[in-house]
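Colleague: sequence and predicted model, in that order:
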Amino acid sequence: MKVRRSLLLLGLLASLLLAVKCEEDDNDDVEVEVEDDGEDDVPPREKPVYKRPTLKENTYFAEPFHTKEDFSKKWVLSDAKKDNTDETIAKYDGKWSIEEPSDNPLVGDLGLILKSKAKHHAVSSPLNKPFDFSGKPFIMQYEVRFQNGMECGGAYVKLLSQDSKLPLNKFQDKTPYTIMFGPDKCGNDHKLHFIFRHKNPKTGEIEEKHAKKPAASLDSFFTDKKTHLYTLIVKPDNTFQIKVDGNVVNSGSLLEDFSPPVNPPKEIEDPDDKKPEDWDEREKIADPEASKPDDWDESEPEMIIDEDAVMPDGWLEDEPKLIPDPAAAKPDDWDDEMDGEWEAPLIDNEKCSDGPGCGPWKKPSIKNPNYKGKWFAPMIDNPNYKGIWKARMIPNPSYFEDLNPYKMTPISALGLELWSMTNDILFDNFLISDDDKVVESWTHSSWVIKNMEEKASSASGLNIWNTLKSSADAKPWLWAVYVVVLLLPIVLLSICFCPKSGPIKSEDIAQRKKTDEATPDDDEVKEGEEDKSDDKKADIGPGGDNTQTTGKSKKSDLEAKDDDEGDDADEEEDEDVEEEQKVKESPRQRKRKPRKE
């Protein structure tokens, strides 16, 4: 039995590991594997020196923020103002800085840091070449680290629509963009935006399409103060994927998983249609042919006084329910002129609690047997019922069908236009490409190294807990698996070492081995247990043998024990012989028929 329980426990543990492994293997695109060297017991750890990530092929955009000089040549700070905003906060005067973050995992690794609280920030950079969505996947990724956590603010990116007249120094919230992507939080509302602007082919109007909310929990990305990698993939087959740290947190179809949908409905309700005046929506009506019965008296009250009731014996009519507290005393500082005449507080009258009641007695009310209430005609089906009215459907004059929303407005620049109540937000390693191999190489030479160093700098135990917690946040059903795996060993140990009959005593084991008694499967009835025990001891057959033995040799049983156990058993056997002798001499010895040969 113990072997079975152990195998069951091992099986459940293996199932847990297999389940987590299978969930990780479900991400079949560019997966980022981070190996933990596990050498947490070798302090202090020397941080590696940053090396600039390299690209073998040209990309649409790549920015590792290698030097401040490179940033100044490529990026443009906005000097615009927000429209319809108070003049004191309308300017984009939030500060940006190229510097190392606090507790930098890579020595010399610079990043773009948002430095100001409660300020508007705007900075942008042109792409090396526009991305025109001509049949290749659009892959965009970047790193974000909330060094101070996040109270309220965004860290999303706007991919600006191609416009030859677009001056980047006037970049602001109204600047046209094609895609907005990235994390955003305020209070307990955690978001990971993916919005694309779609152009109506009939009217030319632009409408924002918002991706469905990710099913995975996003909380830890805003609070753990670690560097996280955000990746967006838009494919020519009109599907998309959103990843965080290489793990898919959202995916779907551009045609089906956005609100409002790309394509409007073919039919709409006629706005000019009106409900006819004679349209009857009542499903049930009062029976017009029904009439109130002649004996129906609506004047009878629902409750009447019970005239047969009499005051209970012992009812104290002259005793009040509350009396002044006799133990109360007027406070020394009580001033009758200022505070009024002092009165003792009231307490329950003890005489009332001892009897059926106190005070004036009144006859109780009872239900009136003649009460019928107000008469209403019964409800019947409405013969004129026509159902709930709805306006008729007509062809949608604005209907169109765009089966390829992947073909978005070309992108020519990347910008950050943000407001935040938390400062020191780090941005790093922006990349836009159409080749997943290039993205994978860039990731392994940048974020993977950084992530490994951040994990190595943390306590191993905390890392394990964070890993389990983040996995369960992404897959809530794992919490149930954790509970089962943690509680099952406790239950099994309780069954093994705490049986119903209580702890197993060594003398009981020795007695069973010596007499070879059969062990009952179920609990025996306790009633008469002492008498039954005496009867068993006195139940001696011919030749002095106990009838409960099975005929096995005591000698063979004792020889199978160790020497020490044999000595203990011999001593117990001598005690049992003396006890059996007493039983033979006892007048309570029961008569029994001779045992058949």
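Modeller: Arrived safely, thanks for sending.
Colleague: what is the least confident helix or strand in the protein?
Modeller: For the chain, using mean pLDDT, DSSP states H and E, the weakest element among its helices and strands is helix 554-559, scoring a mean of 44.
Colleague: quick one: residue 180 from residue 382, how far?
Modeller: Relative to residue 382, residue 180 is positioned 53 Å away (CB to CB, to the nearest Å). Where you see a C-beta, it was placed from the backbone N, CA and C, and this is true even at glycine.
Colleague: all strands of the stretch 1-150 of the chain, in order?
Modeller: Ranges of strands in the stretch 1-150 of the chain, per DSSP state E, counting those that start in this stretch, are 61-63, 76-77, 96-99, 111-114, 119-131, 138-146.
Colleague: elements contacting the first one?
Modeller: By that I understand strand 61-63. When contacts are defined as 3 or more CB pairs under 8 Å, 6 or more residues apart in numbering; DSSP states H and E, strand 61-63 sits against strand 119-131, strand 425-433.
Colleague: which one of those strands is the most hemmed in?
Modeller: The highest average neighbour count among the helices and strands packed on strand 61-63, using mean count of other CB atoms under 10 Å, belongs to strand 425-433 at a mean of 23.
Colleague: need the next SSE after it, C-terminal direction.
Modeller: Once strand 425-433 ends, the next helix or strand along the chain (criterion: DSSP states H and E) is helix 436-444.
Colleague: and that following helix, which residues are buried?
Modeller: 438, 439, 440, 441, 442, 443 (16 or more other CB atoms under 10 Å).
Colleague: likewise stretch 339-356?
Modeller: So, applying 16+ other CB under 10 Å, buried residues of stretch 339-356: 349, 352.
Colleague: pretty sure residue 59 contacts residue 437?
Modeller: No. Applying CB atoms under 8 Å as the test, residue 59 and residue 437 come out as separate, 11.6 Å apart.
Colleague: where does the protein have low pLDDT?
Modeller: 1-45, 164, 458-477, 495-597 (pLDDT under 70).
Colleague: how about the secondary structure of residue 394?
Modeller: For residue 394, the secondary structure call by DSSP: H, G, I helix; E, B strand; the rest coil comes out as strand.
Colleague: OK, contacts around the closest residue to it other than its chain neighbours?
Modeller: Spatially, and ignoring its direct neighbours in sequence, residue 394 is nearest to residue 270 (4.6 Å; CB to CB, 6 or more residues apart in numbering). Listed by CB atoms under 8 Å, 6 or more residues apart in numbering, the contact set of residue 270 reads 391, 392, 393, 394.
Colleague: try 6 Å this time
Modeller: 391, 392, 394 (CB atoms under 6 Å, 6 or more residues apart in numbering).
Colleague: same question, residue 199
Modeller: residue 206.
Colleague: show me what it bridges to in the sheet.
Modeller: residue 206 (DSSP bridges).
Colleague: from residue 484, how far off is it?
Modeller: Residue 199 is 52 Å from residue 484, by CB to CB.
Colleague: which parts of stretch 142-152 are buried?
Modeller: 142, 143, 144, 145, 146, 147, 150.
Colleague: hmm, back to that, quick one: closest of the strands of the stretch 1-150 of the chain to residue 156.
Modeller: strand 138-146 (9.2 Å; CB to CB).
Colleague: and for whichever helix or strand comes after the closest one, what's in contact with it?
Modeller: Downstream of strand 138-146, the next assigned helix or strand under DSSP H and E is strand 152-154. The contact list for strand 152-154 (CB under 6 Å, 6+ apart) reads 184, 186, 418, 420, 421, 422.
Colleague: for the fifth one, give me phi and psi.
Modeller: For residue 421, the backbone dihedrals are phi -90, psi 0 (criterion: degrees, to the nearest 10).
Colleague: tell me the secondary structure at residue 485.
Modeller: Residue 485 ends up helix, using three-state DSSP.
Colleague: same check, this time on the one 5 residues further on
Modeller: Following three-state DSSP, the label given to residue 490 is helix.
Colleague: tell me how many other residues crowd it.
Modeller: Residue 490 has 9 neighbours, counted by other CB atoms under 10 Å.
Colleague: how much space between it and residue 479?
Modeller: Taking CB to CB, one finds residue 490 at 17 Å from residue 479.
Colleague: before we move on, what about residue 206?
Modeller: 43 Å.
Colleague: which residues are contacting stretch 114-127?
Modeller: 60-61, 74-78, 92, 94-97, 168, 171, 412-419, 421, 423, 425.
Colleague: which residues in the stretch 351-500 of the chain form helices?
Modeller: For the stretch 351-500 of the chain, the helices defined by DSSP state H, counting those that start in this stretch occupy 436-444, 447-456, 460-474, 478-497.
Colleague: separation between residue 444 and residue 131?
Modeller: Residue 444 is 23 Å from residue 131, where distance means CB to CB.
Colleague: what helix or strand is the nearest residue to residue 368 once chain neighbours are set aside on?
Modeller: Distances taken as CB to CB, 6+ apart put residue 304 closest to residue 368, at 4.6 Å, once the chain neighbours are dropped. Element membership of residue 304, judged by DSSP H and E, is strand 303-305.
Colleague: adjacent strands (with direction) for that strand?
Modeller: Counting by DSSP bridges, strand 303-305 is paired with strand 365-367 (antiparallel).
Colleague: quick one: the residue lying closest to residue 207 once chain neighbours are set aside from residue 235, how far?
Modeller: Of all residues not flanking residue 207 in the chain, residue 198 sits nearest, at 5.6 Å (CB to CB, 6+ apart). The gap separating residue 198 from residue 235 is 17 Å, by CB to CB.
Colleague: comparing these two, which residue is more hemmed in?
Modeller: The neighbour comparison of residue 198 against residue 235 (other CB under 10 Å) goes to residue 198, with 21 against 15.
Colleague: pull the contacting residues for that one.
Modeller: 207, 209, 262.
Colleague: contacts for stretch 376-385 next, please.
Modeller: If you take CB under 6 Å, 6+ apart as the criterion, stretch 376-385 is touched by 280, 282, 283, 284, 285, 286, 287, 290.
Colleague: can you tell me which of the residues you listed end up in strands?
Modeller: Judged by DSSP state E, those include 284, 285, 286 as members of strands.
Colleague: residue ranges of each domain in the chain, please.
Modeller: 46-50+63-265+405-456, 506-585 (automatic domain parsing).
Colleague: residue 343 is nearest to which of these?
Modeller: Each of the domains of the chain has some distance to residue 343 by CB to CB; the shortest is domain 46-50+63-265+405-456, at 53.5 Å.
Colleague: can you give me the end-to-end span of that closest one?
Modeller: 11 Å (CA to CA, to the nearest Å).
Colleague: ramachandran angles for residue 298?
Modeller: Per degrees, to the nearest 10, the backbone of residue 298 is at phi -80, psi -10.
Colleague: now it: how far from residue 333?
Modeller: 63 Å.
Colleague: residue 121 now?
Modeller: Computed with CB to CB, the distance linking residue 121 and residue 333 is 65 Å.
Colleague: ok, residue 388 next?
Modeller: 74 Å.
Colleague: same check, this time on residue 306
Modeller: 52 Å.
Colleague: more neighbours: which of the two?
Modeller: residue 306 (12 against 7).
Colleague: list the contacts for the more buried one?
Modeller: When the contact criterion is CB under 6 Å, 6+ apart, the partners of residue 306 are 363, 364, 366.
Colleague: same question for residue 140.
Modeller: Applying CB under 6 Å, 6+ apart, we find residue 140 in contact with 232, 432.
Colleague: okay, and the beta partners of it?
Modeller: With DSSP bridges as the criterion, residue 140 is bridged to residue 232, residue 432.
Colleague: ok, it to residue 262 distance?
Modeller: With CB to CB as the criterion, residue 140 and residue 262 are 20 Å apart.
Colleague: please apply the same query to residue 119.
Modeller: For residue 119, the distance to residue 262 - CB to CB - is 36 Å.
Colleague: contacting residues for the nearest residue to residue 168 once chain neighbours are set aside?
Modeller: Closest residue to residue 168 apart from its sequence neighbours, by CB to CB, 6+ apart: residue 76 at 4.0 Å. Counting by CB under 6 Å, 6+ apart, residue 76 touches 124, 168, 169.
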